[in-house]
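Engineer: have a look; sequence and predicted model below, questions after that.
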Number of protein chains: 2
Amino acid sequence: MEDILQIIEDRKEIYLEWLVRLCRQPSIAAQNVGMAETAKLTEEILQGIGVETRQIPTSGYPVVYGEVGSGEKTLAFYDHYDVQPPEPLELWESDPFAADIRDGTLYARGVADNKGNIIARAAAVDAYMRARGELPERVKFIIEGEEEIGSLHLEEFVSQNQDLVQADACIWEAGYTDPQGRPSVYLGVKGMLYVELTARQANVDLHSSWGTVVPNAAWYLLQALQSLRDAEGRVLIPGFYDRVKAPSESDLEALRQMRFDEESYRRQFGLTAFKNGLTGLNLVKEHIFQPTCTICGLWSGYTGQGTKTVLPHEAKAKIDFRLVPDQGPAEILESLKKHLVDGGFGDIQIDLLGPEHPARTPTNHPFAKLVAETAQEVYGKEQVVYPIMAGTGPMYVLCEQFGTIPTASIGVGNSNSRNHAPNENIHIADFYRGIAHVATILDRFAD
Amino acid sequence: MEDILQIIEDRKEIYLEWLVRLCRQPSIAAQNVGMAETAKLTEEILQGIGVETRQIPTSGYPVVYGEVGSGEKTLAFYDHYDVQPPEPLELWESDPFAADIRDGTLYARGVADNKGNIIARAAAVDAYMRARGELPERVKFIIEGEEEIGSLHLEEFVSQNQDLVQADACIWEAGYTDPQGRPSVYLGVKGMLYVELTARQANVDLHSSWGTVVPNAAWYLLQALQSLRDAEGRVLIPGFYDRVKAPSESDLEALRQMRFDEESYRRQFGLTAFKNGLTGLNLVKEHIFQPTCTICGLWSGYTGQGTKTVLPHEAKAKIDFRLVPDQGPAEILESLKKHLVDGGFGDIQIDLLGPEHPARTPTNHPFAKLVAETAQEVYGKEQVVYPIMAGTGPMYVLCEQFGTIPTASIGVGNSNSRNHAPNENIHIADFYRGIAHVATILDRFAD
């Protein structure tokens, strides 16, 4: 590996330049900003290292698809070129699309989630081929443009291109070093049901003096929302937990080895305690193996400065339910609808914004072990294996829907990368280590 | 009165022109838009009819003060030149400051609340003096600039100018015809406690996957808000109802004579039923004599289009409590604080945005009767007497704080004037009747 690692060292400024270029190109799927430009730029970067690429259209944003190398085995990289909206802008210390570098850290919307990984994988392929002439396996890049809006058309893409997505294993989009610098390997993802609820009462906002006798859409929505959870946050929708699988003994062993540094996270988030005072193994079990019901957005009436004495006729909430194996989003949506109707909230409108199945690869699969062992070699620290990540992705659609592709998720983020939040960032040293890790996997996977 | 009414008829285009001019000048106190320009324009219009005016500074926006006429008795007009914010702009059918006239109706932010009344009173004085040469009493215009933000400095103004505000009676800012065209007379106002609540949890918005173990500011605020009211909307703050006076027998008699057209309002608001299915005298009693707790605004997290999977660290609500005699805003604020602390919500920040005392004049006061009788004469319909209006105003500060000035509120609005809401409007015919009513009061008050 020395030859390959030397090339990574020699070309590190070039790889960083690719990353800066990609981060400076906004690609906000939810707002339809810069999507075509980013797909084109991603293709250009891959073509520059000898990958044969094309954009495969979907009913939404196209998938950037690329192939390079040959051999008996095929390794796929799943990534996405879209990013989350950057708002609230006023909390960013530098422009979210400036890709500003301060103290060895690169700040940009999407740098951790997941442009840093797109470039790390491209750079690993580049370094490998420069050192050895060719790859020992076939590599596929599958880079979609709708991950941050729920991968709305990935299922369509996979169904129509089943041959293209076949692989012997898949490297998933993201990973992070923990506060002790240990690299993570994720073997599954949570699913998701993302809905927008709209409550309406009168046909127009009224003077708030009518609050005596006219129903208020905000109070009404609050009642409906409160019916979804108890005070501890346990979801009250009947049947919600029916398909939740309890962690196996080996899952719990992985959690124990994780040595999750709850104090670092707690301090980093500025919390006096985690939810319900959770600590230790119970905290990690909750985080990895439990579904959630999160208010991501909430608004009604007057939200400007000063006072406005208005009775709102409409109120809205964006809710995401993170699902765990084997909860299915369609089934949970039906349960939610029934629960609202049964609770007397049947007139609340439910818009489905993003469904996603949970998925996972067994902890003791050989590919999972290969990724974990190479992580330990490159980072010089014990890897941390998550049986399921707390986050979500379309792993089911790509790797379980038509046959099973073993999958592991790794990447260049850190524990304070602030994905989806202001000041998203990666440490540049993690970026270089991430390149080396992918290059090592490329070398070992063909054996 | 024929001579005066003829002059109103002759000059109606001119009076309408004054009104359009004043409505086209924005004066949004909450957003500090156009306040100085509007104070100046108001003075100019009054000076044009021979009123001696000046702007009296306060720590906030100045009061436009004017005097005209002489005689044994003094009649004061209380009005305000500020208006509510016009948002949401997209729901206006014409620009809120265009003063567009369609089918005999003038649409503008502030035309009903309360620029139409400023001009109606000025026009009545103008017509009276043109017909008779001089007024039979002294008239005082007291036009403040902060009514829509809680009359923050009116108390300061009144305290420092007690001689200027002395009067034998006061005509208050606003009144409306009901769906049958009957004019209203209001003999009191509700008080108000307007607060903004801010809940905070983590120190930054996080990826919503942390919803498993990190507290969510939106859920937390919802729990606090739910602790304020029961499902029927009854306020749960201990002591909240202690000072609420039950209506007297004569109050109830006024409510019965009101023949409140609940069906018209219900249809107009697009409701299938009023809150808790209230109807008849119970509906009117609730509306007139009960305090409220209204969410005027609510927001947290991502409120843009599409999905953003974020865990909000901050959530805010604007709440107005409408108070009835003898609830005091300072006392209710203390009760609210204690209630939140006792409920475990002591870390929720409370910002006081507007306190106001309730106030009222007895139903059988001679001035109340004079205003009601002249209304019936001018409108040719039975007047409707409200012992207290459902809305709020600084009547206590001006008319009860230092001695008691009998007060009645009348005006040029209608039952669909949409005060504080999009498409605020008055019927131009109501504007002319309102001028005639004020002119008749000017004539009869000196007797």
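Structural biologist: Yep, that arrived. Residues are numbered from 1 along each chain as shown, chains lettered A, B, ... in the order given.
Engineer: show me what contacts residue A:19?
Structural biologist: With contacts defined as CB atoms under 8 Å, 6 or more residues apart in numbering or on different chains, the neighbours of residue A:19 are A:99, A:106, A:111, A:115-116, A:119, A:431. Just so you know, the C-beta spots here come from the backbone N, C-alpha and C atoms, and that holds for glycine as well.
Engineer: got those as a markdown table, with distance to residue B:137 and neighbour count columns?
Structural biologist: As requested, the contacts of residue A:19 are exported to a markdown table (distance: CB to CB, whole Å; neighbours: other CB atoms under 10 Å in any protein chain shown):
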| residue | distance to residue B:137 | neighbour count |
| --- | --- | --- |
| A:99 | 73 | 22 |
| A:106 | 76 | 24 |
| A:111 | 74 | 29 |
| A:115 | 77 | 31 |
| A:116 | 79 | 30 |
| A:119 | 83 | 28 |
| A:431 | 83 | 23 |
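Engineer: and for the helix or strand residue A:330 falls within, what are the contacting residues?
Structural biologist: Assigned by DSSP states H and E, residue A:330 belongs to helix A:329-342. Contact with helix A:329-342 is made by A:191-193, A:195, A:224, A:227-228, A:236-240, A:243, A:321, A:323, A:346, A:348, A:350, A:352, A:355-357, as judged by CB under 8 Å, 6+ apart.
Engineer: and the helix or strand of chain A with the lowest mean pLDDT, what's buried?
Structural biologist: Least confident helix or strand of chain A, by mean pLDDT, DSSP states H and E, is helix A:249-258 with a mean of 86. Within helix A:249-258, the residues that qualify as buried are A:251-252, A:254-255, A:258, counting by 16 or more other CB atoms under 10 Å in any protein chain shown.
Engineer: distance to residue A:396 added to these, as CSV?
Structural biologist: Formatted as CSV, the buried residues of helix A:249-258 follow (distance: CB to CB, whole Å):
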residue, distance to residue A:396
A:251, 18
A:252, 23
A:254, 21
A:255, 22
A:258, 24
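Engineer: can you put these in a markdown table and add distance to chain B?
Structural biologist: What follows is the buried residues of helix A:249-258, written out as a markdown table (distance: CB to the nearest CB, whole Å):
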| residue | distance to chain B |
| --- | --- |
| A:251 | 15 |
| A:252 | 16 |
| A:254 | 17 |
| A:255 | 13 |
| A:258 | 14 |
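Engineer: quick check, nearest of those to residue B:33?
Structural biologist: The shortest approach to residue B:33 among the buried residues of helix A:249-258 belongs to residue A:258, at 55.5 Å (CB to CB).
Engineer: surely the closest one touches residue A:385?
Structural biologist: Yes - contact status for residue A:258 versus residue A:385: in contact at 7.4 Å, counting by CB atoms under 8 Å.
Engineer: and of the buried residues of helix A:249-258, the nearest to residue A:371?
Structural biologist: Once CB to CB is applied, the member of these that ends up nearest residue A:371 is residue A:254, at 13.8 Å.
Engineer: ok, that closest one - contacts?
Structural biologist: Neighbours of residue A:254 in contact, by CB under 8 Å, 6+ apart: A:363, A:385-387.
Engineer: for the spatially closest residue to residue A:422 that is not a sequence neighbour, phi and psi?
Structural biologist: Spatial nearest neighbour of residue A:422, excluding adjacent residues (CB to CB, 6 or more residues apart in numbering or on different chains): residue A:91 at 3.8 Å. Residue A:91 adopts backbone torsions of phi -90, psi 0, taken as degrees, to the nearest 10.
Engineer: list the contacts of residue A:91.
Structural biologist: A:422-423, B:204-205.
Engineer: cutoff 10 Å now
Structural biologist: Applying CB atoms under 10 Å, 6 or more residues apart in numbering or on different chains to residue A:91 gives the contacts A:421-423, B:204-205.
Engineer: scan those residues and report the most crowded one.
Structural biologist: Neighbour tally across those (other CB atoms under 10 Å in any protein chain shown): the maximum, 25 neighbours, falls on residue B:205.
Engineer: now the strands: where do they sit in the stretch 151-300 of chain A?
Structural biologist: A:169-172, A:176-177, A:184-186, A:188-189, A:191-200, A:206-207, A:294-301 (DSSP state E, counting those that start in this stretch).
Engineer: buried residues, the longest one. List them.
Structural biologist: Across strand A:191-200, burial judged by 16+ other CB under 10 Å covers A:191-197, A:199-200.
Engineer: so which of those also contact chain B?
Structural biologist: Restricting the buried residues of strand A:191-200 to those near chain B by CB under 10 Å from any CB of the partner chain leaves A:192, A:194-196, A:200.
Engineer: dump those into TSV; add pLDDT and distance to residue B:13 as well.
Structural biologist: Putting those into TSV (pLDDT from 0 to 100; distance: CB to CB, whole Å) gives the following:
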residue	pLDDT	distance to residue B:13
A:192	93	63
A:194	95	57
A:195	97	55
A:196	98	50
A:200	97	42
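Engineer: closest to residue A:128 out of those?
Structural biologist: Once CB to CB is applied, the member of those that ends up nearest residue A:128 is residue A:192, at 34.6 Å.
Engineer: mind checking how far that closest one is from residue B:307?
Structural biologist: According to CB to CB, to the nearest Å, residue A:192 and residue B:307 sit 9 Å apart.
Engineer: give the residues shared as contacts by these two.
Structural biologist: In contact with both residue A:192 and residue B:307: A:150, A:320, A:353-354, B:208, using CB under 10 Å, 6+ apart.
Engineer: hang on, the earlier thing: toward the C-terminus, what is the element adjacent to the helix holding residue A:330?
Structural biologist: With secondary structure assigned by DSSP H and E, helix A:329-342 is succeeded by strand A:349-356.
Engineer: just checking: what are the partner strands of the helix or strand following that next one?
Structural biologist: Next in sequence after strand A:349-356, counting helices and strands by DSSP H and E, comes strand A:359-360. Partner strands for strand A:359-360, per DSSP bridges, with pairing direction: strand A:188-189 (antiparallel).
Engineer: helices along the stretch 201-350 of chain A, start to end?
Structural biologist: A:217-226, A:249-258, A:262-268, A:280-289, A:329-342 (DSSP state H, counting those that start in this stretch).
Engineer: these: which one's closest to residue A:24?
Structural biologist: Closest of the helices of the stretch 201-350 of chain A to residue A:24 is helix A:262-268, at 27.4 Å (criterion: CB to CB).
Engineer: then that closest one to CSV, C-alphas only?
Structural biologist: What follows is helix A:262-268, C-alpha atoms only, in CSV (Å, rounded to 0.1, in the frame of the first residue of the first chain):
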residue,chain,number,x,y,z
GLU,A,262,-21.9,10.4,25.8
GLU,A,263,-20.2,13.2,27.8
SER,A,264,-18.5,14.6,24.8
TYR,A,265,-21.7,14.7,22.8
ARG,A,266,-23.6,16.1,25.8
ARG,A,267,-21.2,18.9,26.2
GLN,A,268,-20.9,19.5,22.5
